[in-house]
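Student: Let's see this in three dimensions:
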Amino acid sequence: MKISKVSVIGLGYIGLPTAAVLASRRIPVIGIDVNDHAIETINRGEIHIEEPELDILVRAAVSDGLLRASRDCEPADVFMIAVPTPFKGEHEPDLSYIEAAANSIAPHLRSGNLVVLESTSPVGATEQLAAWLAAARPDLTFPATHGAESDIRVAHCPERVLPGRVLHEIVSNDRIIGGLTPRCAQEARGLYKLFVAGECILTDARTAELCKLTENSFRDVNIAFANELSLICDRLDINVWELIRLANRHPRVTILQPGPGVGGHCIAVDPWFIVSQAPEEAQMIATARRVNDAKPDWVIAQVRKAVDEVATETGKQPGDVRIACLGLAFKPDIDDLRESPALSIAQALAQRHGDKLIVVEPHIKTLPAALANSGAKLVSLDAAIDAADVIVLLVDHKPFKAVETSQLRGRRVVDTRGVWAGR
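Tutor: Model prediction:
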């Protein structure tokens, strides 16, 4: 198919880099979003998220007239949907953002269009997307009723990138492309080969959906093993970091590092999509989720223990002990706070300590409202170390790794990432 214009629905951490990379291939792109700030920022040639080198790509694309952002959808040859897919209630998938995207593009569909769902989704979401589009456009035919001869092609191609390396991985990583028909998958591959250097592997949509969920569930299960080891080691008075380092000397053992929990828009969410659709079968996946979801509570208990020790030694009331939380992002060296265990820990501590809580997060300029309203303050790393009685390392950002243990003397330290362990 000839592609003269692409519409990207959702200009967040995946949609905007995808739009910018497409535009860098001299393909005109219109990005659609409901966030007016994001739209205005992009149309100035700037970015509203933090991702290395993305600002350069967006500035060039906007300057060349190849990328613009809008609230309003319009006709295109390809519609790529990259909207959030959170869960609701008891970890049930929330497809309302996908449905809203379908409603926005439906009036603009034309025979021969390709619609690609990039959002990580539960099995069957691509079929549901096509059903919503078919209901809105009975004048067009869709794969469920007309197979390879349908007017509209629909496929699923989940992103599989690492924040901080998105631009590189969008191009270099292999892509799994699942079509509602083989022809849908083939046409989607034609789109991705315009900018993907990795292999584009074709399958059906349901397999592609479960593939992405499987990848993230595999990681979640392995992280849960490491997190559970940290609880066991605490009970048995063993240094978990040394234990894992020694165990990993076995040629067939690679244990991950424990942390304060699991966050982000994928690993903390996607396993629940599998559990929700196969609860009797997904026993290990569900258990891993519960282990990782419980880890922040364990960290909070460790911090409160340290606070009580300081209060006993100094005569302060526990609520007057000053705590410094280092990091709020869900992983190192990014600004993304989505589903972040570090953020949930800081918010829980703020409820008790209020203006005695100080926060260091070098990748944001203002605290989230829930923290700011509690009285917590965003400060520099040096100011936090100077002022704190208890230092809680939640994210292993590069500046925190550079801190010498000599700077921490006289303070209780809760190091959830093992950055200072063994120094």
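
Student: and Val359, that one's in a strand?
Tutor: Yes - assessed by DSSP: H, G, I helix; E, B strand; the rest coil, Val359 belongs to a strand.

Student: How much space separates it from Glu313?
Tutor: Per C-beta to C-beta, to the nearest Å, Val359 is found 24 Å from Glu313. For glycine as for every other residue, the C-beta is placed from the backbone atoms N, C-alpha and C.

Student: Look at the two and report which has more neighbours.
Tutor: More crowded of Val359 and Glu313, by other C-beta atoms under 10 Å: Val359, with 27 against 10.

Student: I am assuming the more buried one contacts Pro368, so please confirm or correct that.
Tutor: No - using C-beta atoms under 8 Å as the test, Val359 is too far from Pro368 to be in contact (9.8 Å).

Student: which residues do those two both contact?
Tutor: Counting by C-beta atoms under 8 Å, 6 or more residues apart in numbering, the residues touching both Val359 and Pro368 are Leu328.

Student: which sections of this protein are below the confidence cut-off?
Tutor: Applying pLDDT under 70 to the chain flags residues 422-423.

Student: Next one: the residue sitting furthest away from the middle of it from Val321, what distance?
Tutor: For the chain, the residue at maximal distance from the C-alpha centroid (C-alpha atoms, centre = their mean) is Gly315, at 42.4 Å. Computed with C-beta to C-beta, the distance linking Gly315 and Val321 is 11 Å.

Student: Distance from the chain centre to stretch 69-84, please.
Tutor: 21 Å (C-alpha atoms, centre = their mean, to the nearest Å).

Student: That one spans what distance, first to last residue?
Tutor: Stretch 69-84 stretches 18 Å from its first residue to its last (C-alpha to C-alpha, to the nearest Å).

Student: Same question for stretch 134-146.
Tutor: Start-to-end span of stretch 134-146 (C-alpha to C-alpha) is 11 Å.

Student: For Leu117, grab phi and psi.
Tutor: Phi and psi for Leu117, reported as degrees, to the nearest 10, are phi -90, psi 110.

Student: what about it, how many neighbours?
Tutor: 30.

Student: For it, list the residues it contacts.
Tutor: Leu117 is in contact with Ile81, Ile98, Ala125, Thr126, Leu129, Val154, Ala155, His156, Cys157, counting by C-beta under 8 Å, 6+ apart.

Student: Quick one: which of those residues is the most crowded by neighbours?
Tutor: Comparing the contacts of Leu117 by number of neighbours (other C-beta under 10 Å), His156 comes first, having 34 neighbours.

Student: Pretty sure Thr120 is one of the things it touches, is it not?
Tutor: No - assessed by C-beta under 8 Å, His156 is found out of contact with Thr120, at 9.6 Å.

Student: Give me the distance between the residue farthest from the centre of the chain and Ala224.
Tutor: Distance, Gly315 to Ala224, by C-beta to C-beta: 40 Å.

Student: what's the answer for Arg290, then?
Tutor: As for Arg290, its distance to Ala224 is 8 Å (criterion: C-beta to C-beta).

Student: can I see the domain layout of this protein?
Tutor: Domains of the chain are assigned by automatic domain parsing as 6-198, 258-415.

Student: Could you list the buried residues of the helix or strand containing Arg290?
Tutor: Arg290 belongs to helix 283-314 when elements are defined using DSSP states H and E. By neighbour count with 16 or more other C-beta atoms under 10 Å, helix 283-314 contains the buried residues 285-286, 288-289, 291-293, 295-296, 299-300, 302-304, 306-307, 310-311.

Student: same thing with stretch 241-249?
Tutor: Trp241, Leu243, Ile244.

Student: which SS state does the nearest residue to His91 once chain neighbours are set aside fall under?
Tutor: Distances taken as C-beta to C-beta, 6 or more residues apart in numbering put Trp272 closest to His91, at 3.9 Å, once the chain neighbours are dropped. Three-state call for Trp272 (three-state DSSP): helix.

Student: what's in contact with stretch 328-347?
Tutor: The contact list for stretch 328-347, computed with C-beta under 8 Å, 6+ apart, reads 13, 49-51, 163-164, 259-265, 268-269, 295-296, 299-300, 303, 325, 327, 357, 359, 361, 363-364, 368, 370-371, 374, 376, 392, 394-398.

Student: Now, of those residues, which are buried?
Tutor: Neighbour-count burial (16+ other C-beta under 10 Å) applied to the contacts of stretch 328-347 gives 13, 49-51, 163-164, 259-265, 268-269, 295-296, 299-300, 303, 325, 327, 357, 359, 361, 363, 368, 371, 374, 376, 392, 394-397.

Student: measure stretch 172-191 end to end?
Tutor: Length of stretch 172-191, first residue to last, C-alpha to C-alpha: 15 Å.

Student: Please apply the same query to stretch 258-271.
Tutor: Stretch 258-271: ends 18 Å apart by C-alpha to C-alpha.

Student: Check stretch 351-358 too.
Tutor: End-to-end distance for stretch 351-358: 13 Å, by C-alpha to C-alpha.

Student: just how off-centre is that stretch within its chain?
Tutor: 27 Å.

Student: residues contacting the residue nearest to His91?
Tutor: Residues in contact with Trp272 (C-beta under 8 Å, 6+ apart) are Phe87, His91, Pro93, Arg289.

Student: Closest to Leu114 out of the residues you listed?
Tutor: Taking C-beta to C-beta as the measure, Leu114 lies nearest Pro93 of the contacts of Trp272, at 24.0 Å.

Student: close enough to count as contact, the closest one and Gly124?
Tutor: No - using C-beta under 8 Å, Pro93 makes no contact with Gly124, being 9.5 Å away.
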